[in-house]
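In: Okay, predicted coordinates and the sequence, questions at the end:
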Amino acid sequence: MEFSGKFGGRAAFLWLSFCIFLTLSCAKPEEPLKNVNLSPFWQWRSAYECLKNTSATCGVHELNMTGIIQVTGSSQVAEYCNGCAQWTRDVVLTCIHLVKRDFWFMNKATIEQINDAISRGCFNKSDIIIPDGPKSAGARNFGGTYLALFSALVLAIFLFSS
């Protein structure tokens, strides 16, 4: 049986839409470690799913996309290091590392930097602070652009004023 005319085009469109829907609905990153050979978009998505692994021991100090962890005071550090630190390093950061090795948080911190800060803080029993990262270099770029523009303008005035 041959499809032709408008019906054939509609049937092909519906069949193609159904196949795309099935493909997208089956490729869920809910288990990020199930397939670590992913495209960059799915790597970011899987890393986000890794961050959704929550623990009851972490509470307010749960690691999220911002990458900011601030645990101050000896009692909070002791509480954090006795459960949440191990969960964050062994489950969350390891999961992120396996699905996207070059992951960086919103504060520009890498997995290694956060892991080192947690390890150092728990080893020394000192405050664990992963601050907001450096601000955008946009102001410096504009400053450099304005300086170059100003220099070119002064040079043009100097050359053409003679």
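Out: That came in fine, so what should we check first?

In: Tell me, what's the model's pLDDT at V91?
Out: We have a pLDDT of 90 for V91.

In: Check N82 too.
Out: With respect to pLDDT, N82 has a value of 89.

In: Setting the sequence-adjacent residues aside, check what's closest to it.
Out: Taking Cβ to Cβ, 6 or more residues apart in numbering as the measure, N82 lies nearest to T57, with 7.9 Å between them; neighbours along the chain are not counted. C-beta here means a position set from N, CA and C on the backbone, and glycine is covered the same way.

In: Let me know the distance separating the one you found from I68.
Out: T57 sits at a distance of 19 Å from I68 (criterion: Cβ to Cβ, to the nearest Å).

In: Could you give the number of residues near S161?
Out: Per other Cβ atoms under 10 Å, the neighbour tally for S161 reads 6.

In: Now for the residue positioned nearest the centre of the chain: which residues touch it?
Out: The structure's the chain has its C-alpha centroid closest to F105; by Cα atoms, centre = their mean the separation is 4.4 Å. Contacts here follow Cβ atoms under 8 Å, 6 or more residues apart in numbering; on that basis F105 touches 65-67, 114, 133.
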